[in-house]
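S.K.: with the input below, show me the fold.
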Amino acid sequence: MDDLIALTAAEPYMGDHGARHLEDGAGLLIAEHKGRIAGYAALWPVDHLAHLCEIDVHPDHGGAGVGRALMAAAEDWAKGQGHAGLSLTTFIDVPWNGPWYARQGFAPYPESDWPPGHAEIWRGQLASALDCSRRHMMVKSLSAPGI
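M.R.: Just a heads-up that it's a prediction; the model follows:
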């Protein structure tokens, strides 16, 4: 899992998250193309969900279905770990963020429904360098409706 630390260390929001969550059963999914990394997804358990902290596709592979394949793999990973769904935080208005996640079945996750771990994630984002006025949390159920 040292790869998770290396891949996430340079991200403005993620920082030391990779290192902090290694002991929590983190998952790192890698998409390869011709022996090179085409994209990755980093997840870890938060409350009863798998939190998708990062999903990135190299620009050379944009539009080729790598993101969709990583999302499907993330869902499989979450189900295999016994999680009820996936959560994430994202920019609302960036086409490859909020709108893309909505097309993948994610919906806004109302703050009133956040368990303690998700509230902590949001507090971390507010304390980061990100402009959270354009961000929100989203959720996707992988089991019965009503996460």
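S.K.: ranges for the helices of the chain?
M.R.: 2-8, 17-21, 66-80, 98-103, 116-127 (DSSP state H).
S.K.: in terms of secondary structure, what does the third one contact?
M.R.: This points to helix 66-80. strand 27-33, strand 36-46, strand 49-57, strand 85-91 (3 or more CB pairs under 8 Å, 6 or more residues apart in numbering; DSSP states H and E). C-beta here means a position set from N, CA and C on the backbone, and glycine is covered the same way.
S.K.: apply 6 Å and report the result again.
M.R.: strand 27-33, strand 36-46, strand 49-57 (3 or more CB pairs under 6 Å, 6 or more residues apart in numbering; DSSP states H and E).
S.K.: can you give me the buried ones in that helix?
M.R.: 66-67, 69-71, 73-75, 77-78 (16 or more other CB atoms under 10 Å).
S.K.: quick one: low-confidence parts of this structure?
M.R.: Along the chain, the parts satisfying pLDDT under 70 run over 1-23, 144-147.
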